[in-house]
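J.: any chance you can model this:
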Amino acid sequence: MKLEKGVVALPMILLMGGIIVEIAIAGAFIAFYMSQSGFGVKLSDEALAAAKSGIQDAIIKIIRDKSFSVSSGYNLTIGSRSATIIVCRDSYTTSVACDTANVGKDEIISTGSATLKRRKLKAIVNVNSVTGEVKIESIEEAAI
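T.: Reported below is the predicted structural model:
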């Protein structure tokens, strides 16, 4: 009779051990995905900062050369991050870069990237051809 009581204990120990291992694995997966989501937010912020840097770089180039325009775009490296900048002279568009004439206004499109995250900013700059004054009219985030 004593031998039969010990037989029931082994399956119970295995069952409880299996449940504990499953809970530990689920906890590890949850911790991994939570850390990845925080890392994704950080990368997204870094991509936005790179896009802002691209806008500022293009504004500096416009201030130095009032007729500056690069419709094919140029790249700017900021540490390990990068930005692709398109400057459209005398044009403003809502979707496609450099397709509509609008004298005196330049559109700057900057797409910042950090690893797999990308953020895009559009800026409208008013350049006075007589005085050379450069005014930023708007900077807004655009969908990629």
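J.: roughly how far does residue 53 sit from residue 59?
T.: Noted for residue 53: a distance of 11 Å to residue 59, by C-beta to C-beta, to the nearest Å. Using the backbone N, CA and C atoms, a C-beta is placed for each residue, glycine as well.
J.: go on, residue 30?
T.: Computed with C-beta to C-beta, the distance linking residue 30 and residue 59 is 44 Å.
J.: more neighbours, these two?
T.: residue 59 (19 against 10; other C-beta atoms under 10 Å).
J.: touching, the more buried one and residue 137? I think so.
T.: No: with contact defined as C-beta atoms under 8 Å, residue 59 does not count as touching residue 137 (11.8 Å).
J.: tally up the residues packed near residue 122, please.
T.: For residue 122, using other C-beta under 10 Å, the count is 21.
J.: what sits opposite it in the beta ladder?
T.: Beta-bridge partners for residue 122, by DSSP bridges, are residue 109, residue 140.
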